[in-house]
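K.L.:
Any chance you could fold what I've pasted below:
(2 chains)
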There are 2 protein chains.
Amino acid sequence: LLIALDWGTSSLRAWLLDATGAIAATRSAALGIMHISDARFEAAFLEVCGDWIEAHAGIRVIASGMVGSRQGWHEAPYVACPAAIEDLIGALLRFTTRDRTEIAIVPGVVLRTVVPDVMRGEETQVFGALSAEFDGVLVLPGTHSKWVRVRRGRIESFVTFMTGELFSVLREHSILGRLMEVGRFDEEAFLRGVDAGVAPGGIAAKLFAVRTLGLFAEVAASGLDSYLSGLLIGDELAEGRRRFAFEAGLPPALVGEPVLMDRYRRAFARLGVTVATADTASAVRGLWRIAVAAQLV
Amino acid sequence: LLIALDWGTSSLRAWLLDATGAIAATRSAALGIMHISDARFEAAFLEVCGDWIEAHAGIRVIASGMVGSRQGWHEAPYVACPAAIEDLIGALLRFTTRDRTEIAIVPGVVLRTVVPDVMRGEETQVFGALSAEFDGVLVLPGTHSKWVRVRRGRIESFVTFMTGELFSVLREHSILGRLMEVGRFDEEAFLRGVDAGVAPGGIAAKLFAVRTLGLFAEVAASGLDSYLSGLLIGDELAEGRRRFAFEAGLPPALVGEPVLMDRYRRAFARLGVTVATADTASAVRGLWRIAVAAQLV
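P.N.:
The predicted model follows:
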């Protein structure tokens, strides 16, 4: 038996796994690390998983995500690229709660180039999504999208795009949100945005179009958020293609939430690229795989 | 005598000009159009300029900026590129207030390419800053930076960069602001950001460095906002250079506020480009020039 936690910036997802790794129960709470003050991590954990702990004496816990960051429960180290699953296991941060539950936090991964880049949580999704023979680029869309180059079962390099967070802050806090009406996903506006995003030139000079296309009614107010979404995803894809050259025989594969994966799949298709999509259980499968290899179960 | 208004998104600046165009009095208020509801423009105007109106019966008023936008007092049209000062004068929006003051709002300028681009207020600064023989690129840093190609006294084309607004929303509302401590301008961090911004590749994959450089203490917390500023300005300069090829004999000239112009001057110098700087009175000089040519005085 194992409790697996995907504990990120905005939410905590918890699974109770049986001896075969099958999911016995799932819980989710808006108790991401940004919503928790320093001393409250244990209380938040017990709020979500306390009855599992009581029901199964001695059950082990494994966690990944921002819970291991400096703003998290306990700071876990970063493992350097290239990083294999064994490297993660060797650097698990283990501690015991006041009620003697043993917890292991999966380390993050750091890539040191001109500037460092880091991930926390995505490394676990990567190892949950990987088939043994996968050689290529995994794309994990999200607040901070990660493009991860995997070779021979190791995370060789990666890059972070702030696509999701740019979308939120621009929509909620910039003038671009002013003309927007909340609408359904507008595929035509989205694809027009993708086309603009992949066209040559930087994003800073393209963003203002979200306002002007609205001003001149070239895109309906209800489609402007889809246009912005397409613009930012298109920009990400163009830059990702430049960095990872996936047209040269490296098939990109998507890992993440269905709604986001669907948008990325449409954008990739616009570039003529067919992508594989992993299922959405990569986090829990990665946690299980690490726990087994680390002999926590 | 003339009242000249530079009425933008966040503030209203007003000048009382004598018969020679010299500044007799200056006022400024945080009464930008974002702070004013529909019916309150006339009241805001009178709050700032009411005593000038009373003291000088029949005085004319000229205004430029977002006051002429759809969210402003009265919507002024857009003049298409290429736009000469005569085109602006021909499209002045004239109206009379309830107390019979005659007001003229300078039109904006639109460039129609694949997507439209617009300016309101900057066209007036351009014509205030221009010497008759100027042929080149004017750079107006700000919330929405404008790069304006001027030839034979006309605005031939331009492009908008959302540099200033990106800086604010990322600093105030994204994870990048989390590690920042408000500090003085840090030139070393700024120039490191400029170098990263002008390097190949899009900005979306470079922004996360503002967090990681802080996490690994490669840039002090007090320098992270300077780094972000340099990164965004560097990105703008690289894209502006690509679009306007100013190394090919087109000298860029800066028009704007001293603090921002100083940052841009340092960033241009980092690229080996020496820029001219206009004085900061281009708005009021442009308003005067347009008013004279339109025979408002």
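K.L.:
Could you double-check that residue A:95 sits in contact with residue A:75?
P.N.:
No: contact criterion C-beta atoms under 8 Å: residue A:95 and residue A:75 do not qualify, at 10.8 Å. Heads up, the C-betas are built off the backbone N, CA and C, glycines and all.
K.L.:
Would you mind listing what in the stretch 151-297 of chain A touches chain B?
P.N.:
By C-beta under 8 Å from any C-beta of the partner chain, the residues of the stretch 151-297 of chain A that approach chain B are A:159-163, A:165-166, A:169-170, A:172-175, A:178, A:196, A:201-205, A:207-209, A:212-213, A:215-216, A:218, A:232, A:235-236, A:238-239, A:242-243.
K.L.:
Return a ChimeraX selection command for the buried portion of these.
P.N.:
This is how ChimeraX selects the buried members of these, with burial counted by 16 or more other C-beta atoms under 10 Å in any protein chain shown:
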select /A:159,160,161,162,163,165,166,169,170,173,174,175,196,201,202,203,204,205,207,208,209,212,213,232,235,236,238,239,243
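K.L.:
which ones among the residues of the stretch 151-297 of chain A next to chain B are found in strands?
P.N.:
A:159-161 (DSSP state E).
K.L.:
Rebuild the residues you listed as a markdown table, extending it with pLDDT and distance to residue A:85.
P.N.:
Shown next, in a markdown table, are these (pLDDT from 0 to 100; distance: C-beta to C-beta, whole Å):
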| residue | pLDDT | distance to residue A:85 |
| --- | --- | --- |
| A:159 | 96 | 21 |
| A:160 | 97 | 21 |
| A:161 | 96 | 25 |
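K.L.:
and of those, the nearest to residue A:106?
P.N.:
The nearest member of these to residue A:106, counting by C-beta to C-beta, is residue A:160 at 17.8 Å.
K.L.:
what's the closest non-adjacent residue to that closest one?
P.N.:
residue B:208 (4.1 Å; C-beta to C-beta, 6 or more residues apart in numbering or on different chains).
K.L.:
Kindly report the same for residue A:82.
P.N.:
residue A:154 (4.3 Å).
K.L.:
how much space is there between the one you found and residue B:223?
P.N.:
The spacing between residue A:154 and residue B:223, counted by C-beta to C-beta, to the nearest Å, is 34 Å.
K.L.:
ok, now residue A:40?
P.N.:
Counting by C-beta to C-beta, the gap from residue A:40 to residue B:223 is 31 Å.
K.L.:
At which residues are the helices of the stretch 1-150 of chain A located?
P.N.:
Ranges of helices in the stretch 1-150 of chain A, per DSSP state H, counting those that start in this stretch, are A:41-55, A:85-90, A:122-129.
K.L.:
So residue A:40 and residue B:223 - more neighbours on which side?
P.N.:
residue B:223 (25 against 13; other C-beta atoms under 10 Å in any protein chain shown).
K.L.:
Phi, psi for that one please.
P.N.:
Phi and psi for residue B:223, reported as degrees, to the nearest 10, are phi -110, psi 0.
K.L.:
doesn't residue B:185 make contact with it?
P.N.:
No: if you go by C-beta under 8 Å, residue B:223 and residue B:185 don't touch, sitting 9.1 Å apart.
K.L.:
how many other residues sit next to residue A:33?
P.N.:
Residue A:33 has 22 nearby residues by other C-beta under 10 Å.
K.L.:
who touches it in this structure?
P.N.:
By C-beta atoms under 8 Å, 6 or more residues apart in numbering or on different chains, residue A:33 lies in contact with A:7-9, A:41, A:66-67, A:69, A:71-73.
K.L.:
Would you check how far apart it and residue A:67 are?
P.N.:
In this view, residue A:33 and residue A:67 are 6 Å apart by C-beta to C-beta.
K.L.:
again with residue A:287
P.N.:
Residue A:287 is 12 Å from residue A:67, where distance means C-beta to C-beta.
K.L.:
Find the residues that touch each one of these two.
P.N.:
Listed as contacting both residue A:287 and residue A:67 by C-beta under 8 Å, 6+ apart are residue A:5.
K.L.:
from what I can see residue A:98 touches residue A:42, true?
P.N.:
Yes: the pair residue A:98 / residue A:42 is scored as a contact, 6.6 Å apart, by C-beta under 8 Å.
K.L.:
Just want to know which of the two has more residues nearby.
P.N.:
More crowded of residue A:98 and residue A:42, by other C-beta under 10 Å: residue A:42, with 14 against 7.
K.L.:
who are the neighbours in contact with the closest residue to the more buried one other than its chain neighbours?
P.N.:
Spatially, and ignoring its direct neighbours in sequence, residue A:42 is nearest to residue A:97 (5.6 Å; C-beta to C-beta, 6+ apart). Listed by C-beta under 8 Å, 6+ apart, the contact set of residue A:97 reads A:42, A:45, A:103.
K.L.:
Can you get me a residue count around the second one?
P.N.:
Spelled out, it's residue A:45. 25.
K.L.:
Model confidence for it, exactly?
P.N.:
You'll see residue A:45 listed with a pLDDT of 96.
K.L.:
which residues does it contact?
P.N.:
Going by C-beta under 8 Å, 6+ apart, residue A:45 touches A:5, A:61, A:73, A:97.
K.L.:
what do you get if the cut-off is 6 Å, keeping everything else the same?
P.N.:
Shown in contact with residue A:45 (C-beta atoms under 6 Å, 6 or more residues apart in numbering or on different chains): no residues.
K.L.:
How about the one 3 residues further on?
P.N.:
The contact partners of residue A:48, by C-beta under 6 Å, 6+ apart, come to A:14, A:27, A:29.
K.L.:
Pass me the low-pLDDT residue ranges in the stretch 1-150 of chain A, would you?
P.N.:
By pLDDT under 70, the low-scoring segments of the stretch 1-150 of chain A are A:132.
K.L.:
What residues does it have near chain B?
P.N.:
Counting by C-beta under 6 Å from any C-beta of the partner chain, the stretch 1-150 of chain A comes close to chain B at A:115-118.
K.L.:
So among those residues, which ones count as buried?
P.N.:
The buried subset of the residues of the stretch 1-150 of chain A next to chain B (16+ other C-beta under 10 Å) comprises A:115-118.
K.L.:
Name the residue most distant from the centre of chain A?
P.N.:
Centroid-distance maximum for chain A: residue A:216 at 36.1 Å, with C-alpha atoms, centre = their mean.
K.L.:
and it, what are its phi and psi?
P.N.:
Here is the backbone geometry of residue A:216 (degrees, to the nearest 10): phi -100, psi 10.
K.L.:
How about it: what's its closest non-neighbour residue?
P.N.:
Leaving out its chain neighbours, the residue that sits closest to residue A:216 by C-beta to C-beta, 6+ apart is residue B:116, at 5.2 Å.
K.L.:
dump the residue contacts of residue A:186.
P.N.:
Residue A:186 neighbours (C-beta under 6 Å, 6+ apart): A:223, A:226.
K.L.:
Just the pLDDT for it.
P.N.:
Reading off the model, residue A:186 has pLDDT 97.
K.L.:
and what of residue A:274?
P.N.:
Per-residue pLDDT puts residue A:274 at 89.
K.L.:
Check residue A:249 too.
P.N.:
pLDDT recorded at residue A:249 is 69.
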